[in-house]
Structure formats: structure tokens, C-alpha cells
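Student: what's the 3D shape of this:
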Amino acid sequence: MYLKINGLNLHLEDSGNPDGLPLVFLHSWAGSARSWTYVVDALPSCLRTITLDHRGWGQSQSHVSGFDLAGLASDAKEVVKALKLNGYVIIGHSMGGKVAQLIASERPEKLSALILVAPAMPGPMPFPPERREDMVHAMDSAVLIQQAIDNMLTAKRLSPEVNAQVIEDALRGSPEAKHAWPVSTSQEDIRGRVGLIQVPTLVIAGELDKVDPVSELQSELLSRIPHTEMVIIPATGHLSPLESPIEVAELITRFLAQMLGQKL
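Tutor: Here you go, the predicted model:
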């Protein structure tokens with residue numbers, strides 16, 4: 001389905017139990033709503049799942065602006081408002097995790113919990129400008145994207161189907177979307193804000209994540225957010241929703257069951 005959000009047609013998938021606890025999924029840079037497909041498929045059917053294509057990615061429209069954290073957060077918040085979600089949970093991966101951190105730091109009245117999957121750090125990405133520019137061009141061809149998958153993004157071999165999906169999603173991104181995250185948005189510093197997060201928070205990390213390593217998540221994120229726990233998925237890299245979707249779904253389910261005090 002599509003919603004008119006901030007002047008753009010944004011694509012999302014709304015599935016599961018319409019009366020269930022709403023989970024709002026925010027994907028990574030170079031990903032799409034379908035990056036969450038295998039996680040969503042493994043979740044209990046009693047939950048309601050909303051997976052959003054960020055502007056410029058997947059099937060959503062793009063624009064020349066709005067790719068900063070505030071713009072991406074505004075899109076997600078307007079989706080929540082349009083769907084009239086109450087007691088919702090935000091689940092963000094990588095770039096989507098940093099967007100989720102900003103939203104949660106604003107203490108939305110109807111937000112119940114926060115789940116961060118291999119999230120980007122709240123501080124600036126510690127790469128020099130030339131390396132960040134290289135990240136943009138790494139999305140220029142299937143060959144370069146495959147190199148990133150093999151050498152940086154994964155620790156497990158993806159199935160041919162999933163591997164093809166990752167390449168297709170990365171190639172499909174608009175030029176503005178591809179450029180904004182590594183060059184500017186990833187450099188935004190919200191370290192002073194994340195301490196304002198009050199809802200229960202789960203961080204799911206990949207043991208072998210080269211992009212956002214466990215040690216950095218512990219020092220840069222967990223140390224700043226109260227009421228936070230971290231669980232590490234063994235032998236998994238940065239693309240944990242695609243490398244280890246069953247494990248991610250099980251951890252989400254367990255966390256939500258503990259939060260609600262009931263079996264899901």
C-alpha cells in the first residue's frame with residue numbers, strides 16, 4: 001500500500017493481526033521494506049507488522065531533500081500518525097536504527113519499546129570523507145555491491161535469492177538516497193539525545209559485524225541509553241535480518257513477551 005507522507009508516496013506493507021501489537025520496521029541504507037520479509041514471516045501471527053520503504057528506496061518516491069535524520073524520522077512518525085498506531089514498537093536496522101534512536105529520544109507518547117538491530121552509532125561515522133564517498137560509488141554496479149556483501153556486510157553466505165534481492169534493492173535506490181547517508185546523515189551526532197530514551201530497549205548485534213561491531217555498540221550506544229539490554233547473534237554479520245532472520249525474530253518475540261508479561 002501507499003500513503004501520502006510529507007508530499008511523497010511512500011510504500012509500506014501492513015500485515016499480520018490488525019488488532020495486534022504494532023511493530024514498525026525501518027530498514028538500512030541500500031535496503032528496503034522487504035529486507036525484513038524473513039523476520040516478519042517468522043514472527044507470531046498475533047502481531048501487526050508495518051515495514052516501510054524509506055524515501056528514495058524500494059517502491060517509495062524520492063526527493064532532492066529530506067534524507068537527514070529529522071526528515072527520515074518525520075516520515076516514519078507521519079506513517080504512525082496516519083495509521084493511528086497506539087502502543088507501537090519501533091524496530092530499526094543500521095541506518096533505520098539511528099532514525100529509530102532519534103524518534104525514541106523525542107519520547108513519543110504512544111511508543112512502547114525500541115528494538116535496534118545492528119544499529120548505526122549515535123555519533124558520526126568514523127570514516128574520512130573519501131571513504132564515505134567510496135561507499136556511495138560502491139552502489140554503482142552489481143559487481144561492486146557483491147564485493148561489499150562478501151567483504152564487509154555479511155559473515156554468512158546468503159542464499160542466491162536473498163543475495164539477488166540485496167543487489168536489486170541497492171541498485172534501485174535514488175541518487176539522492178544513495179548519497180545522503182554516507183556523506184552527511186551518518187555524520188549527524190545525536191549522542192546527546194539518546195540518553196533521553198525512556199522506553200525498554202533491546203539491541204541485537206551480530207557477533208562478526210564489521211560495520212557496527214559489538215565492542216563499539218557497547219561503548220557508544222549501550223552506555224548512553226538507560227533500560228537497555230544487548231543480545232549477540234553468533235557467526236552473524238551486519239545484515240542480520242537476512243543472515244539470521246529466525247534468530248532475530250526469536251529475540252524480538254522473547255523481548256516483547258517479557259515486556260507484555262505474556263506468551264506470544
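Student: Strands along the stretch 51-200 of the chain, start to end?
Tutor: Secondary structure of the stretch 51-200 of the chain by DSSP state E, counting those that start in this stretch: the strands cover 88-93, 111-117.
Student: Nearest approach to H137 belongs to which of those strands?
Tutor: strand 88-93 (22.6 Å; Cβ to Cβ). Any C-beta I mention is one placed from the backbone N, CA and C, and that applies to glycine too.
Student: For that closest one, which outside residues touch it?
Tutor: Strand 88-93 is touched from outside by 21-28, 31, 35-36, 76, 80, 98-101, 103-104, 110-119, 240-241, 252, 256, with contacts defined as Cβ atoms under 8 Å, 6 or more residues apart in numbering.
Student: mind running it again at 6 Å?
Tutor: 22-28, 99-100, 112-118, 241 (Cβ atoms under 6 Å, 6 or more residues apart in numbering).
Student: before we move on, back to that, reformat the strands of the stretch 51-200 of the chain into TSV and put mean neighbour count, distance to S65 and mean pLDDT next to each item.
Tutor: Below are these laid out as TSV (neighbours: other Cβ atoms under 10 Å; distance: least, Cβ to Cβ, whole Å; pLDDT from 0 to 100):
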stretch	mean neighbour count	distance to S65	mean pLDDT
strand 88-93	26	21	98
strand 111-117	25	26	98
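Student: out of the ones you listed, nearest to A164?
Tutor: strand 88-93 (19.2 Å).
Student: got the angle for the closest one vs strand 111-117?
Tutor: Strand 88-93 and strand 111-117 are oriented at 10 degrees to each other (axes from the mean of the first three to the mean of the last three Cα atoms, to 10 degrees).
Student: Give the pairing partners of strand 88-93; include direction for each.
Tutor: strand 22-26 (parallel), strand 111-117 (parallel) (DSSP bridges).
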